[in-house]
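> Sequence and predicted structure are below.
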Amino acid sequence: MKRKKQRRDTILLQKIALRVKELREQHGHTQEQLQSATELNIPNLETGANFPNLTSIAIICKFYQISLDEFFAPMNYPEKE
């Protein structure tokens, strides 16, 4: 049986990648520091090579001591019509 290709929302992926980079820079961390602390592949996440799952985002939130609400709040996506 042929496996369906996973759907991706490239706009959401870009917004998540930008948010991770923004948090990392606000705290003065390098990609390597965040990767070491979270055991996540931060370079691939920030370039959009990997679409992070909710667990990965939660790990980043725990590291920066913010809620998922605080992580997603600045994104305003999808925009309301």
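Noted; the coordinates are in hand.
> tell me the centre residue of the protein?
Per CA atoms, centre = their mean, the C-alpha nearest to the average position across the chain is that of Ile16, at 4.1 Å.
> Let me know whether that one touches Asn50 as I believe.
No - Ile16 is beyond contact range of Asn50, at 10.3 Å (criterion: CB atoms under 8 Å). Bear in mind the C-beta positions are built from the backbone N, C-alpha and C, glycine included.
> who touches Ile59 in this structure?
Thr38, Glu39, Leu40 (CB atoms under 8 Å, 6 or more residues apart in numbering).
> which stretches of this structure form helices?
Assigned by DSSP state H, the chain shows helices spanning 10-26, 31-38, 42-47, 54-64, 68-72.
> Can you lay out these as TSV showing mean pLDDT?
Converted to TSV, the helices of the chain look like this (pLDDT from 0 to 100):
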stretch	mean pLDDT
helix 10-26	95
helix 31-38	97
helix 42-47	94
helix 54-64	97
helix 68-72	97
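> Single out the most deeply packed of the ones you listed.
Highest mean neighbour count among the helices of the chain (mean count of other CB atoms under 10 Å): helix 42-47, with a mean of 18.
> That one packs against which elements?
The helices and strands touching helix 42-47, judged by 3 or more CB pairs under 8 Å, 6 or more residues apart in numbering; DSSP states H and E, are helix 10-26, helix 31-38.
> Kindly recompute the last result at 10 Å.
Applying 3 or more CB pairs under 10 Å, 6 or more residues apart in numbering; DSSP states H and E, we find helix 42-47 packed against helix 10-26, helix 31-38, helix 54-64.
> Enumerate every residue touching the closest residue to Glu70 other than its chain neighbours.
Leaving aside its chain neighbours, Glu70 sits nearest to Cys61 (7.4 Å; criterion: CB to CB, 6 or more residues apart in numbering). Applying CB atoms under 10 Å, 6 or more residues apart in numbering to Cys61 gives the contacts Leu23, Leu54, Ser67, Leu68, Asp69, Glu70, Phe71, Phe72.
> With Ala49 instead?
Ala49 makes contact with Leu13, Ala17, Asn41, Pro43 under the criterion CB under 10 Å, 6+ apart.
> which one among the residues you listed gets closest to Thr30?
Pro43 (10.3 Å; CB to CB).
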